[in-house]
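Undergrad: Curious how this folds, go ahead:
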Amino acid sequence: MINRFEILTAKNIRPDAERILFCDGTGGSIFDPVNDLELSHWRPNRTPAEYRAGTSTEICFRFLDNPLPGDWTAAINNHVDVDGILSVYVLVHSDDAQRHRKMIIEAAEIGDFWGWGEQSAQRLFQGITRLMRTGVDPRQVYVEAFQRIPGLIDGTDPETADIDASLMPLSRGVEQVESGSIVRREVSSRFTQYIVPVSLAINDQQAAYNPGFNELTSEKAILWPQVRARWDSERVSLVSTERPSGWFHDLCFPGYLWADTEGRWSPTGMNYHDSMSSYVIADEASIAAVRTLQKRETAAGCWALGGTDQPFGHELQERFPVVARFVNEAGDAAASGLSPDVVARMFHECWSDEGIRDAR
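TA: Here you go, the predicted model:
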């Protein structure tokens with residue numbers, strides 16, 4: 001589709017390019033609305049409606065399906081992550097990308113949305129993410145990633161065995177859910193409960209760990225969000241992990257909510273700011289549920305709800321997609337005295353099939 005790509009390292013400096021495709025990011029003040037095009041899910045979003053989708057990678061595929069006429073000078077991105085790299089790859093290596101479209105989109109979802117993907121997509125995500133952690137120049141990361149993507153997809157990459165071994169927490173998590181070792185209960189069409197027994201948690205740190213954005217799969221977490229997304233990508237999930245001292249409870253929202261994603265469910269009352277660094281929760285049912293849990297709580301600590309003026313509401317935003325949890329006085333996850341069933345009943349009122357407020 002296009003031969004040239006650039007990685008912006010300085011703001012407000014436009015490359016010498018007449019017609020630019022801004023991939024997985026905004027052009028900001030250097031965007032020319034007459035000659036340029038945005039292919040991104042960033043907020044605020046100037047991507048044409050006919051191309052909008054979930055990840056920016058999928059948006060670029062939609063552009064390939066029906067490109068605007070004329071020649072494009074360069075594909076440009078301004079950061080390094082899996083979705084950004086794959087977005088540019090779709091435009092620069094279009095033929096190969098089209099042959100592996102589903103897998104490439106899944107890999108982008110694993111990175112940007114804590115989404116699910118099959119084994120080859122997991123390997124593609126993990127391989128690119130490992131490369132990103134080498135600390136080399138951003139452009140060099142893109143160049144090396146483009147060279148290695150075919151081998152990561154077909155399993156011929158030199159690091160395939162090591163990468164596949166590092167993905168074991170995902171396949172193990174799926175097996176534990178499917179076998180019932182981790183209990184999964186679909187409470188309503190928009191709310192699911194997971195119960196992790198004490199036998200699976202090595203310590204409190206692992207029980208409380210929630211992976212960050214575009215994080216390498218490892219043994220740090222018991223139940224990875226990507227595993228939950230295999231069944232519940234568009235549901236709110238309550239994850240309760242048993243410890244000798246009580247239960248660690250995390251209420252998790254769909255991982256895509258920070259982006260401008262076309263056609264996906266969004267809980268009413270949650271809105272991300274255009275900076276994508278913070279959100280507001282104005283849903284009275286959710287706020288009331290957390291207040292009720294606090295009144296019933298028997299352990300020392302408090303229930304926190306991100307995006308509100310309640311205690312630790314601001315600090316919890318850094319833990320997204322976790323939006324509510326029981327914390328100690330330092331704001332760290334703590335063991336609650338309430339059982340999973342009690343907590344699930346409180347939150348079920350927010351997303352029961354009778355009372356769901358669908359903001360698709």
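Undergrad: okay, CA-based contacts and neighbour counts for the rest of this
TA: Noted.
Undergrad: What segments of the protein are strands?
TA: 5-7, 20-23, 37-39, 74-77, 183-188, 191-196, 236-243, 246-252, 270-272, 279-281, 302-305, 322-327 (DSSP state E).
Undergrad: Out of those, which is closest to Gly212?
TA: In terms of C-alpha to C-alpha, the element of those nearest to Gly212 is strand 322-327, at 10.2 Å.
Undergrad: Counting by contacts, list what the closest one packs against.
TA: Counting contacts by 3 or more C-alpha pairs under 8 Å, 6 or more residues apart in numbering; DSSP states H and E, strand 322-327 packs against strand 246-252, strand 302-305.
Undergrad: tell me the angle of that strand relative to strand 246-252?
TA: Put simply, strand 322-327 runs at 160 degrees to strand 246-252, going by axes from the mean of the first three to the mean of the last three C-alpha atoms, to 10 degrees.
Undergrad: which residues sit against strand 322-327?
TA: Residues outside strand 322-327 that contact it (C-alpha atoms under 8 Å, 6 or more residues apart in numbering): 210, 248-253, 301-307, 316-317, 333-336.
Undergrad: One more pass at 7 Å, please.
TA: Residues outside strand 322-327 that contact it (C-alpha atoms under 7 Å, 6 or more residues apart in numbering): 249-253, 301-306, 316-317, 333-334, 336.
Undergrad: Check stretch 74-83 too.
TA: For stretch 74-83, contacts defined as C-alpha under 7 Å, 6+ apart pick out 2, 4-9, 17, 19-25, 55-57, 84, 88, 108, 111-112, 125, 128-129, 138.
Undergrad: wait, doesn't Pro311 sit right on Ala304?
TA: Yes. Judged on C-alpha atoms under 7 Å, Pro311 makes contact with Ala304 at a distance of 6.0 Å.
Undergrad: the more surrounded of these two?
TA: Ala304 (27 against 16; other C-alpha atoms under 10 Å).
Undergrad: Bridged to that one, which residues?
TA: Beta-bridge pairing for Ala304 (DSSP bridges): Arg325.
Undergrad: picking that back up, which one of the helices and strands packed on strand 322-327 lies nearest to Trp231?
TA: Here strand 246-252 is closest among the helices and strands packed on strand 322-327 (C-alpha to C-alpha), at 13.8 Å.
Undergrad: Let me see the mean pLDDT of the closest one.
TA: Averaging pLDDT along strand 246-252 gives 98.
Undergrad: What of stretch 179-197?
TA: Mean predicted confidence for stretch 179-197 is 97.
Undergrad: Run through who's touching it.
TA: 176-177, 235-242, 348, 351-353.
Undergrad: Columns neighbour count and distance to Tyr51 on top of the residues you listed, output as CSV?
TA: Formatted as CSV, those follow (neighbours: other C-alpha atoms under 10 Å; distance: C-alpha to C-alpha, whole Å):
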residue, neighbour count, distance to Tyr51
Gln176, 17, 38
Val177, 18, 35
Arg235, 23, 25
Val236, 27, 27
Ser237, 29, 29
Leu238, 26, 33
Val239, 26, 34
Ser240, 28, 38
Thr241, 27, 40
Glu242, 23, 44
His348, 23, 35
Trp351, 23, 31
Ser352, 16, 33
Asp353, 14, 32
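Undergrad: Against Arg264, how distant is Phe347?
TA: Separation of Phe347 from Arg264 (C-alpha to C-alpha, to the nearest Å): 21 Å.
Undergrad: Need the buried ones from the contacts of stretch 74-83 selected in PyMOL.
TA: The PyMOL command for the buried members of these (criterion: 16 or more other C-alpha atoms under 10 Å) is given here:
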select buried, resi 2+5+6+7+8+19+20+21+22+23+24+25+55+56+57+84+88+108+111+112+125+128+129+138
